[in-house]
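**Q** A predicted structure for the sequence below; I have some questions about it.
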There are 2 protein chains.
Amino acid sequence: MTETIETTHSFKPKFSADGLIPAVVTDHRSGDVLMFAYMNQMALNETIASGIAHFWSRSRGKLWKKGEESGNLLKVIELRTDCDQDVVWVSAEVQGDGVACHTGERSCFYRRVVKPDGTDAAALEFAPLPAPKTPTA
Amino acid sequence: MTETIETTHSFKPKFSADGLIPAVVTDHRSGDVLMFAYMNQMALNETIASGIAHFWSRSRGKLWKKGEESGNLLKVIELRTDCDQDVVWVSAEVQGDGVACHTGERSCFYRRVVKPDGTDAAALEFAPLPAPKTPTA
């Protein structure tokens, strides 16, 4: 039986035309989405080899070891890919201060989209992330 | 004081050159990543207006109300965006059978990346998602 992309055990990540694959990073304890970035083949290789998440910085055009300067490295607890292998999901433990966003917030997703009463337009509201779903250590 | 993109209450989603914004969908109970897709302005508007996740199908070139045929709609529990407003995070409750992937799996991320003993190459292993972090209803 021929294995399809959905059933294969071969890891064949599908990079886009610009050589990138989207990477979603979640907190392995709470499940909260911490950040979103892109990896190229080199960043993905480094991530797998080192167990520390690496990305491709599109703005700086170079390999980006997240947290290298701040100490807030992302330790990979589990790396997954989706049915058609064009996204990766990094379940991570944030090292150092536990902060994943450059703004100092724990997660980049510190605002939610709301529709204020009496308006049609969507706006943003600063709102704490859902409480950790398991007690943190 | 001028509000920056990181501190503004204005929702100004940043679409890429092709008019799309990445959307991460997680299960609002377990935090597991269920799927990943793209929205255009229309899909985002529909998502906000209806409370049901809509995407832009790149392969079919049309608005995609996820689960419209299967009944496995994604009810939006919370919609968030990140610091620079170029990604959205949909925390959702899957309707119907609770299945989000076209393969019949609950999540598209049913395989994890492993390095089998004695090899350097990464491979995929089918592995259950982490157990729900709160009891499901």
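**A** Done, it's in. Numbering: from 1, shown residues only, chains lettered A, B, ... in the order given.

**Q** hey, let's count contacts and neighbours off CA atoms from now on
**A** Noted.

**Q** So which residues on chain A come close to chain B?
**A** Where chain A comes near chain B, counting by Cα under 8 Å from any Cα of the partner chain, the residues are A:6, A:8-11, A:24, A:30-33, A:35-36, A:48, A:78-83, A:87, A:89, A:101, A:103, A:108-113, A:122-125, A:133-134.

**Q** In ChimeraX, select just the buried ones from those residues.
**A** This is the ChimeraX syntax for the buried subset of the residues of chain A next to chain B, where burial follows 16 or more other Cα atoms under 10 Å in any protein chain shown:
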select /A:8,9,11,24,30,31,32,33,35,36,48,78,79,80,81,82,83,87,89,101,108,109,110,111,112,113,122,123,124,125,133
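
**Q** Which of the residues of chain A next to chain B fall in strands?
**A** Taking DSSP state E as the definition of strands, these contribute A:24, A:33, A:35-36, A:78-81, A:89, A:111-113, A:123-125.

**Q** hey, where'd the helices end up in chain A?
**A** A:41-50 (DSSP state H).

**Q** Where does pLDDT dip in it?
**A** A:1, A:131-137 (pLDDT under 70).

**Q** From residue A:94, how far out is the residue nearest to residue A:73 when sequence neighbours are not counted?
**A** Leaving aside its chain neighbours, residue A:73 sits nearest to residue A:67 (4.3 Å; criterion: Cα to Cα, 6 or more residues apart in numbering or on different chains). Here the criterion is Cα to Cα, to the nearest Å. By it, residue A:67 lies 9 Å from residue A:94.

**Q** overlap in contacts of these two?
**A** A:73, A:74 (Cα atoms under 8 Å, 6 or more residues apart in numbering or on different chains).

**Q** Pairing partners for residue A:37 in the sheet, please.
**A** Taking DSSP bridges as the rule, residue A:37 bridges to residue A:23.

**Q** so what's it up against?
**A** A:22, A:23, A:24, A:55, A:56.

**Q** Check residue A:126 too.
**A** Here residue A:126 is in contact with A:110, A:111, A:112 (Cα under 8 Å, 6+ apart).
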